[in-house]
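Peer 1: Any chance you can model this:
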Amino acid sequence: MMTAGPAFSAFQEKDLGTLSVGHYADFTVLSASPYQVPSNELRTLTIRMTVVAGRVTFDAADN
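Peer 2: Okay, the predicted model is just below:
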């Protein structure tokens with residue numbers, strides 16, 4: 001809903017919209033699944049990695 005539809009609407013479905021080889025990706029890797037952490041503990045999650053346009057822009061392992 002938040003990926004393929006907007007990419008198609010913007011005529012960018014060849015580059016965006018799915019996590020596929022050759023497509024750009026924006027995503028964040030967290031220290032745990034927010035679906036498995038109690039809601040009152042969500043703020044304890046840390047960011048492990050951030051990827052923007054398919055490039056790693058932050059990697060906690062490097063720090």
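Peer 1: Quick check, central residue of this structure?
Peer 2: Ranked by distance to the mean C-alpha position of the chain (C-alpha atoms, centre = their mean), the top residue is Phe27 at 1.3 Å.
Peer 1: Would you check that it makes contact with Arg48?
Peer 2: No - contact criterion C-beta atoms under 8 Å: Phe27 and Arg48 do not qualify, at 11.2 Å. Heads up, the C-betas are built off the backbone N, CA and C, glycines and all.
Peer 1: Make sure Asp26 is actually in contact with Met49.
Peer 2: No - judged on C-beta under 8 Å, Asp26 makes no contact with Met49 at a distance of 11.9 Å.
Peer 1: Below-threshold pLDDT in this structure: ranges please.
Peer 2: Scanning the chain for pLDDT under 70 picks out 1-2.
Peer 1: quick one: the helices in it?
Peer 2: With DSSP state H, the ranges of helices along the chain come out as 4-9.
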